[in-house]
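J.: Provided below are the primary sequence and the corresponding predicted coordinates.
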Amino acid sequence: MGNAYLAVKALLDALEVEYVIPPFCGREALRLGSLVSPEEICLPFKINMGNYLQSIERGADTVVITGSCGPCRFGEYCELQARILRRLGHDVDFIVIERPSEIGLRGLLRRLKRVAGDSGKRGAQKLNALIWAVRIMKLIDALEARAHTLAGYEQNRGECRRLLHAFRRDAQEANGPNEMAGVIRAYGRKLDAVKTDRAKAPVKIAIVGEIYTIIEPFANLYIEDRLMDYGVSTKRRLSPGWWVDNLLRSALRTPSGAHRAARGYLGLEIGGHARECIGGAVLAKEEGFDGAIQIFPMGCMPEIVSKSILPSVARDMDFPVLSLVVDEMTGEAGFVTRLEAFVDLLERRRDRGVSGR
Amino acid sequence: MTVGIPKGLLFHKYHPFFETFFTELGEEIAVSADTAKDTLDLGAQYCVDDACLPVKVFHGHAASLRERCDLLLVPRFMRVRAREFICPKFCGLPEMVRHSIPGLPPVAGAPIYAHTDACFYGWARETGLCCTKRVSRIKRAFLIALEKQKKHRTGIDDRGFSLRVALVGHPYNIYDPYVNMNLVKKLNRLGIGAVTEENLADGLIDAQVRKLSKRPFWTFARNAYGFAVHMAECGLVDGIVYISSFACGIDSVTTELIRLGAPGVPYLLLKIDEHTGETGFDTRVEAFADLLERRRARGPHLPAHGKRLSGGKGAAGRA
């Protein structure tokens, strides 16, 4: 899922737990996953299955996945995935991390212990490793966010994108949280050195929608890379680090800014991140963005609700929103055409002063 | 004041309650007509295109009531059993309807938590206050309506047919003959009786569901899975027929869990959407009926893959 794996890698390195990193999500993972998945399940499930199969090939014997108790179908992933893998004859252990209200605090600790069971480290060291992992996750988020914004201002088109790709490659080589943090800092400095033209007024687009498909580049046909190539500044509120924060927020029951912004349109929790999607679009308008792109996998229940509300947001706030639905059939050409047309539309609106800036 | 009640989604299960509640409050009620082609057309016109068929049908019912009512009831079912959910689209239904259909009267879309009577009353109070200021009157109407609802029984249990199948699916797909193209009648005509989940005791469903590694959090999934697997395991049915709407998120999981949970039992998965052609649908149902009949005649031994059922020389393998 995007670069979240780098933080998990740092964590497991520090714990000295053996792990397998599957190849980057790609056609092969999706092909393998689609073969064994139910036809109408959403795209993340299929990509996950492909990742598992590729990891099992490389010797993985345990799958760690977070659970949830609905109402979105992600909560049922673990049950179905475990059963399908068992039927395929793979004897893998599924460790499902659930919230304590469901399995009890003791149940949660027992499951966490199973994850870190082989680690020779003491409790305090384990906790320290976890804190480091979260910190690294946030550093990576910040690095990505900066590159996505800078892409609109860079003088040599494509520089930020190339830096991000190089970062991914180097980070994977890093051993342990300290080295990882070093790599992040080095690339932060490289981003500082990117030649920019502050006089430019790039088109600015917010990316909202279902969390997996907006974070995993393969699932959204590398939309952020494409937009960077077009010289568009993008912002995505949801990220792995945000997800961790959100866990704490929901435990403390404090509403996020996006929830507050969405209140006029969708006041109740309906599962997934529908409220973040609506709120994200509202906030993007307030922050001076030119438009928003919503991405979700075909059949995603919460995002279908937000898709039906977004036209009202667009109308009320005079803010163009493009909804893109992805699944294993998505054709690249049609996708790119729609994306280019949307960027053209935003450029013209800006040049003719329609957007009211 | 006239309250519009769309005949879609869980209407078939809860209509005695809603009708009685508003009548007891002294309001007129307007119920939309049975689902027909124009309902579906209206729904497809207004509803977001990614939604499933039942949600589109509901939009059609709601749109057809636009001019006929002053308050439109859009039940936002959040929960009907403790710690379970219905479906994200149900939770956001009033928003979907309000933002998709222009020219609607005010929408009564308070959340319904019907797992206890006290929580259910929360909805009645909030909605009743749109009609009257007297809380005592609301309470009385609520109790009468609840009484009526508790007497209301749904469920199909056909007797006197040589074959019997478990008919599984969401109630709005099973009880709307337009949406399922008269599936129950079609089965009956082929000599197959249907039985639905309402006829199985709750405890038996629970016992089945407890065997899963994780407690299912959708009421629909719990009922469908527990019922289908129990009937199959106990040999109470000859097969399972699952009627599911295209792109239903819950069914994408449930149908697969049933397939894995009841191996070796004939299983027909029928998908419906607004384009479903009736001929293809009929062919599949008929082929399934043939399969059940042959299994009954020759015993439940499935032939090895690639071999024909009819015996005799030259029929043993694929040429």
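T.: Good, I have the coordinates.
J.: so which bits of the stretch 51-200 of chain A are right by chain B?
T.: With C-beta under 8 Å from any C-beta of the partner chain as the criterion, the stretch 51-200 of chain A meets chain B at residues A:67, A:69-73, A:75-76, A:78-80, A:82-84, A:87, A:94, A:96, A:102. In this view, the C-beta of every residue, glycine as well, is placed from N, C-alpha and C.
J.: in helices only, show me those residues.
T.: Those of these mapping onto helices are A:78, A:79, A:80, A:82, A:83, A:84, A:87, A:102, per DSSP state H.
J.: quick check on the residues of the stretch 51-200 of chain A next to chain B: which are buried?
T.: A:67, A:69-73, A:75-76, A:78-80, A:82-84, A:94, A:96, A:102 (16 or more other C-beta atoms under 10 Å in any protein chain shown).
J.: please, where are all the strands along the chain?
T.: Went with chain A since none was named. Taking DSSP state E as the criterion, chain A carries its strands at A:62-66, A:93-97, A:204-209, A:233-236, A:291-297, A:321-326.
J.: not quite, I wanted chain B
T.: Under DSSP E, chain B gives strands at B:2-5, B:28-31, B:71-73, B:76-79, B:107-108, B:111-113, B:163-169, B:192-195, B:239-245, B:267-272.
J.: what's the closest non-adjacent residue to the most centrally placed residue in chain A?
T.: Most central in chain A under C-alpha atoms, centre = their mean is residue A:215, positioned 2.3 Å from the mean C-alpha point. Using C-beta to C-beta, 6 or more residues apart in numbering or on different chains and skipping residues adjacent in sequence, the residue nearest residue A:215 is residue A:2, 3.9 Å away.
J.: that neighbour and residue A:318, how far apart?
T.: Look at residue A:2 and residue A:318: by C-beta to C-beta, to the nearest Å, they are 32 Å apart.
J.: so between these two, which is more surrounded?
T.: Using other C-beta atoms under 10 Å in any protein chain shown as the criterion, residue A:2 and residue A:318 rank with residue A:2 on top: 22 against 11.
J.: residues near residue B:157, how many?
T.: 11.
J.: which ones are touching it?
T.: B:193, B:195, B:196, B:199 (C-beta atoms under 8 Å, 6 or more residues apart in numbering or on different chains).
J.: my read: the last one touches residue B:155, true?
T.: Yes. In this structure residue B:199 lies within contact range of residue B:155 using C-beta atoms under 8 Å: 5.3 Å.
J.: find the nearest non-adjacent residue to the residue in the stretch 101-250 of chain A positioned nearest to chain B, please.
T.: In the stretch 101-250 of chain A, the residue that lies nearest chain B is residue A:102 (7.8 Å; C-beta to the nearest C-beta). Once flanking residues are discounted, residue A:102 sits nearest to residue A:69: 5.7 Å by C-beta to C-beta, 6+ apart.
J.: contacting residues for that neighbour?
T.: Contacts of residue A:69 (C-beta under 8 Å, 6+ apart): A:75, A:98, A:99, A:102, B:83, B:215, B:217.
J.: select from those every entry located in helices.
T.: Going by DSSP H, the helices hold residue A:102 from the contacts of residue A:69.
J.: just send the contacts of residue A:69 back as CSV, with pLDDT too.
T.: Shown next, in CSV, are those (pLDDT from 0 to 100):
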residue, pLDDT
A:75, 86
A:98, 82
A:99, 80
A:102, 77
B:83, 86
B:215, 86
B:217, 88
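J.: shaky segments in the chain?
T.: In the absence of a named chain, this looks at chain A. A:1, A:70, A:354-357 (pLDDT under 70).
J.: correction: the question concerned chain B.
T.: B:300-319.
J.: write out the residues of it neighbouring chain A.
T.: B:47-48, B:50-51, B:76, B:78, B:83-89, B:91-92, B:95-96, B:99-100, B:111, B:212-218, B:221, B:246-253, B:255-257, B:260.
J.: for PyMOL, what selects the buried ones among these?
T.: Buried residues within the residues of chain B next to chain A, by 16+ other C-beta under 10 Å, are selected in PyMOL with:
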select buried, chain B and resi 47+48+50+51+76+78+84+85+86+87+88+89+91+92+95+96+99+100+111+212+214+216+217+218+221+247+248+249+250+251+252+253+255+256+257+260
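J.: among the residues of chain B next to chain A, which lie within helices?
T.: B:88-89, B:91, B:95-96, B:99-100, B:221, B:249-253, B:255-257, B:260.
J.: walk me through the domains of chain A.
T.: A:18-115, A:122-200, A:202-357 (automatic domain parsing).
J.: which residues touch residue B:254?
T.: Here residue B:254 is in contact with B:218, B:220, B:221, B:224, B:225 (C-beta under 8 Å, 6+ apart).
J.: around chain B, which positions in the stretch 251-357 of chain A sit nearby?
T.: Of all the residues in the stretch 251-357 of chain A, those lying near chain B are A:265-266, A:268-272, A:274, A:298-302, A:304-309, A:311-312, A:325, going by C-beta under 8 Å from any C-beta.
J.: buried ones among these?
T.: Neighbour counting with 16+ other C-beta under 10 Å marks A:265-266, A:269-272, A:274, A:298-302, A:304-309, A:312, A:325 as buried within those.
J.: how much space separates residue B:191 from chain A?
T.: 30 Å (C-beta to the nearest C-beta, to the nearest Å).
J.: format the CA atom coordinates belonging to stretch B:202-218 as PDB.
T.: Below are the C-alpha coordinates for stretch B:202-218, written out as PDB (Å, rounded to 0.1, in the frame of the first residue of the first chain):
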ATOM      1  CA  ASP B 202     -32.100 -17.600  15.300                       C
ATOM      2  CA  GLY B 203     -30.200 -20.000  17.500                       C
ATOM      3  CA  LEU B 204     -29.400 -22.300  14.600                       C
ATOM      4  CA  ILE B 205     -28.100 -19.400  12.500                       C
ATOM      5  CA  ASP B 206     -25.900 -18.300  15.500                       C
ATOM      6  CA  ALA B 207     -24.500 -21.800  15.900                       C
ATOM      7  CA  GLN B 208     -23.400 -21.800  12.200                       C
ATOM      8  CA  VAL B 209     -22.000 -18.300  12.400                       C
ATOM      9  CA  ARG B 210     -20.000 -19.100  15.500                       C
ATOM     10  CA  LYS B 211     -17.900 -21.500  13.400                       C
ATOM     11  CA  LEU B 212     -16.500 -18.600  11.400                       C
ATOM     12  CA  SER B 213     -13.100 -17.200  12.600                       C
ATOM     13  CA  LYS B 214     -14.600 -13.700  12.800                       C
ATOM     14  CA  ARG B 215     -18.100 -12.600  13.800                       C
ATOM     15  CA  PRO B 216     -19.800 -11.200  10.600                       C
ATOM     16  CA  PHE B 217     -20.900  -7.600  11.200                       C
ATOM     17  CA  TRP B 218     -23.500  -7.400   8.500                       C
END
